[in-house]
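# predicted model and sequence below, questions to follow.
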Amino acid sequence: MEGYVSKEIEIGGRKLTLETGRVAKQAGGAVMVRSGDTLVLTTVVAAEEAIEGTDFVPLQVEYREKTSAAGKIPGGFMKREGKPSEKEVLSARLIDRPIRPLFSKEWRYETQVVSTVFSFDGENDGDVLGAIGASAALMISDIPFEGPIAEVRVGRIDGQYVINPLIPQLEKCDMDLTVAGTEDSIVMVEGEAREISEADMIGALEFAHKFIKEIVSLQKDFAALVSKPKREVKAVELSSTTGGSASGREALEAEVRSLAFDRIHELNRSIVKKAERSERTKAIKADVLLALGEKYPEQETVIGDILHDLDREDMRRMILKESRRLDGRGYRDVRPITCEISVLPRTHGSALFTRGETQSLTTVTLGTKMDEQTIDGLLPESSKRFMLHYNFPNFSVGEVGRMSGPGRREIGHGNLAERALKNLLPGEKEFPYTVRVVSDILESNGSSSMATVCAGSLALMDAGVPLAKPVAGIAMGLVKEGEEVAVITDILGNEDHLGDMDFKVAGTRDGITAFQMDIKIRGISFEIMTRALEQAKEGRHHILGIMEQTIAEPRKELSQYAPRMTTIKIPVDMIGAVIGPGGKVIKNIVQQTGAEVNIEDDGTVVIAAVSGESSDKAREMIERLVESPEVGKVYKGTVKRMMDFGVFIEFLPGREGLLHISQIDHKRVNKVEDVFKLGDEVEIKLMEIDDMGRYNLSKKALIENPNPGSEQQEERHEHSQHGRPDRSRRRR
């Protein structure tokens, strides 16, 4: 085929193949990436015309999984793929985050990157392949891109790092990290671990980078064969009395600096709240626009960019030269923290965690097996019993906005916090609840995801969930100019925005449980990362100490409003009896008791009810259903049929026995109607199970005989009066 190119490399004992020129040839760039039998096509397209008046890179990244790739038909009524699943959103973020910083900040052409999984083998995940494909497709396109980047996954089994572990292998791993990087350095990390050390984390990153460099080299060789000439990135043109020349831009920058720099310098050294800082920044911009509006008409965007750069320049200089931050803290200082629990009276658990101007109100809800989330996708359908949902309303940053479903940022932050906590939760056998944690961010000025980790840990312990250890999270930042480096603890929103790194670490006192890092510049050494990790450990322990003063271990009792779980075991061959035809029996139990009943294939029965009375009643009904009749045991039964010679009593569900008229009382009974009517409840004793499996009952065995001598004579009289029944025809 004309234009067809294919290159491959071996990574972790498996071939990684890049190919182009066979499909999607009208896209700006299209690369099919293959590992095993998983194939991901990534296409990139950029608009022909720039978007005027924007101050950001208009980049859209999408990741989609076709269920046909795994030989499945979508569930639901429509039978076709709908909106992106949580897995697809998270995978798109893993592609977006490492490539976005490598676009020129002056790129204003709408750009779309789409990765689609067309074949899935159940072992090789398509997310890292999508990132590799995105980088390769950008490299061969005409879109300016300062790549390539590569992305790999690192696991560890029995102390040995594994590159791109297969999906079944991940269950055995004590870490699951997705690492992206360039030939020179790491640019993004996302993952979870089972309390690994900082040294283990650095070891995993170094291990990953060896393979990243190999994949980057593969892309360079690949792009050298097919790449197109790159478009020119044009600086924003000025429209002013001095013309649109470079000297005109320099003149404008000089005038803006003269008008605004001293005010920005003073503001950065004033310890003010976020809202006041925002108002004063707006006032500076308004004054500059008023002063220069006539000379430089329609240059609001350019002036705004210059003011942003001046703010960045001054803040970074203040941190590096004066060892001072926007709120007056030193590099290692954590903002004031307050922790409160049980703040909401009717939730199963709640916590309010406030760190500076960042605040999370988090709740815990305990549910049953029926509340588990069903996960459907390329892998076989599964269920999820721990969920953490993160909400970031506009009012938390003093803004007005549309109220809609969770965005990508909310899903990503919630997933990070969920991964930080989930490996500390007890197993289903120990704690058979479905657990939902919801974090609502009420204020935000830096690292609300790590506030969610802290609040989530507090709320889980408040709810009585047996969390193995408290978990805390902290966000680190970096400012680097040449050889000058400052690693800062517990970053503010502006320090994140104007700094060079956002480095989130969550864990216990014994190790790291979740990790996320985005680096905006090249050349971050492993020595700097090690330093940041050690400083993060110090900050994490500080926060844990404050949290432990509020609650150090889970409550011993659950909330009075939480469902109580009772677990019993029944014989597997009795499961059908408890369920009944069409679920009739189990539905009746639920209806009568108000409890929820779930039966596993191994005979484990989990009963959930808010009240102990409801739970006890359901358990008693189930135990009676599966109970084997025992001679000599006393039962409470119900009269089901009445005959001349006695009554048939159901003493266990589905089991009837005969209470002969002679066994009703010590004194003679002429008619059973004199003693019983249908539906009466009666306490009886099982006297015998005969050779044919029939049950003989007695009521008089439970009554003291006032005249022992006359008993045999009365029995003979009753038998002669009523005769013996044809027991071969009676039902058990």
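Received, thanks.

# distance from the longest helix along the chain to the middle of the chain?
Ordering each helix of the chain by length in residues (DSSP state H) puts helix 198-226 first. Relative to the chain's own centre, helix 198-226 is displaced by 28 Å; criterion: CA atoms, centre = their mean, to the nearest Å.

# state the mean pLDDT of that helix.
Helix 198-226 shows a mean pLDDT of 96.

# okay, buried residues for it please.
Residues of helix 198-226 classed as buried: 198, 200-201, 203-205, 207-209, 211-212, 214-216, 218-219, 222-223, 226 (neighbour count, 16 or more other CB atoms under 10 Å). Bear in mind the C-beta positions are built from the backbone N, C-alpha and C, glycine included.

# touching the very next helix or strand once past that helix from outside, list them.
Going down the chain from helix 198-226, the next helix or strand is helix 246-268, by DSSP states H and E. Outside helix 246-268, the residues that touch it by CB atoms under 8 Å, 6 or more residues apart in numbering are 235, 238, 240, 242, 277, 280-281, 284, 287-288, 291-292, 295-296, 299, 302-303, 306-307, 310-311, 314-315, 318, 326.

# try 7 Å
Residues from elsewhere that reach helix 246-268 (CB atoms under 7 Å, 6 or more residues apart in numbering): 238, 240, 242, 277, 280, 284, 288, 291-292, 296, 302-303, 306-307, 310-311, 314-315, 318, 326.

# what's stretch 167-176 in contact with?
With CB under 7 Å, 6+ apart as the criterion, stretch 167-176 contacts 122-123, 125, 154-157, 162, 165, 191-194, 196, 204.

# in helices, which of the contacts of helix 246-268 fall?
Among the contacts of helix 246-268, the members falling in helices (DSSP H) are 277, 280, 284, 288, 291-292, 302-303, 306-307, 310-311, 314-315, 318.

# ok, these vs Met547, which is closest?
Arg277 (28.5 Å; CB to CB).

# residues touching the closest one, list them.
With CB under 7 Å, 6+ apart, Arg277 has these contacts: Leu267.

# change the start of the numbering to 33 and stick with it
I'll keep to 33 as the first residue from here, and by that count the last item is Arg309.

# pLDDT below threshold where in the chain?
Within the chain, the set of residues satisfying pLDDT under 70 comprises 33, 267-279, 740-764.

# roughly how far is stretch 651-662 from the heart of the chain?
Offset of stretch 651-662 from its chain centre (CA atoms, centre = their mean): 40 Å.

# oops, could you answer that again for stretch 296-310 instead?
Computed by CA atoms, centre = their mean, the chain-centroid distance of stretch 296-310 equals 36 Å.

# what residues sit buried inside it?
For stretch 296-310, by 16+ other CB under 10 Å, it's 296-297, 299-300, 306, 309.

# what's the closest of those residues to Lys454?
Taking CB to CB as the measure, Lys454 sits nearest to Lys306 out of those, at 31.7 Å.

# pretty sure that closest one contacts Asn477?
Yes - between Lys306 and Asn477 a contact is recorded at 4.7 Å, counting by CB atoms under 7 Å.

# shared neighbours, these two?
The contact lists of Lys306 and Asn477 share Glu389, where a contact means CB under 7 Å, 6+ apart.
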